[in-house]
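Undergrad: Predicted model and sequence below, questions to follow.
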Amino acid sequence: MCDHRCFVYEIVKMSGSSNLVAMKKIVQQLRFEASINRVKVSQAAADLQQFCMQNALQDPLLTGVSSSTNPFRPQKVCSFL
């Protein structure tokens, strides 16, 4: 995987106004990335766990779905003898 240094190296090889435009784009991207608020993984995991625990009772994968309200249940076949 290539980081910002690879891009800078490629741009240094360029010449003229295209070099300046490319460098401005890199600076703009770096400023944008620096302005993003980061959340620690431990905090994100704790928030996700709390969300899952709060919504577990409404999760049909955990609680199941009654056959009367399940639109994907196997259809009954009517046969005459």
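TA: Yes, it's here.

Undergrad: distance of the residue nearest to the spatial centre of the chain from residue 54?
TA: Nearest residue to the geometric centre of the chain (Cα atoms, centre = their mean): residue 44, 13.1 Å. Distance, residue 44 to residue 54, using Cβ to Cβ, to the nearest Å: 16 Å. All C-beta spots, glycine's among them, are computed from the backbone N, C-alpha and C.

Undergrad: The residue nearest to the centre of the chain: which element?
TA: Assigned by DSSP states H and E, residue 44 falls within helix 41-55.

Undergrad: Give me the mean pLDDT for that helix.
TA: Here helix 41-55 scores 96 as its mean pLDDT.

Undergrad: Need the CA coordinates for it. CSV is fine.
TA: Taking Å, rounded to 0.1, in the frame of the first residue of the first chain, the C-alpha atoms of helix 41-55 are listed here in CSV:
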residue,chain,number,x,y,z
VAL,A,41,-11.2,1.7,18.6
SER,A,42,-12.0,0.8,22.3
GLN,A,43,-14.6,3.6,22.4
ALA,A,44,-16.1,2.6,19.1
ALA,A,45,-16.3,-1.0,20.2
ALA,A,46,-17.9,-0.1,23.5
ASP,A,47,-20.5,2.1,21.7
LEU,A,48,-21.2,-0.7,19.2
GLN,A,49,-21.7,-3.2,22.0
GLN,A,50,-24.0,-0.9,23.9
PHE,A,51,-26.1,-0.3,20.7
CYS,A,52,-26.4,-4.1,20.1
MET,A,53,-27.5,-4.7,23.7
GLN,A,54,-30.1,-2.0,23.5
ASN,A,55,-31.6,-3.2,20.2
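
Undergrad: Show me what counts as buried in that helix.
TA: By neighbour count on 16 or more other Cβ atoms under 10 Å, the buried set for helix 41-55 is empty.

Undergrad: Burial check on the residue lying closest to residue 57 once chain neighbours are set aside, number of neighbours?
TA: Excluding the flanking residues, the one nearest residue 57 by Cβ to Cβ, 6 or more residues apart in numbering is residue 63, at 6.5 Å. Residue 63: 10 surrounding residues under other Cβ atoms under 10 Å.

Undergrad: For residue 63, give its distance to residue 73.
TA: In terms of Cβ to Cβ, residue 63 sits 16 Å off from residue 73.
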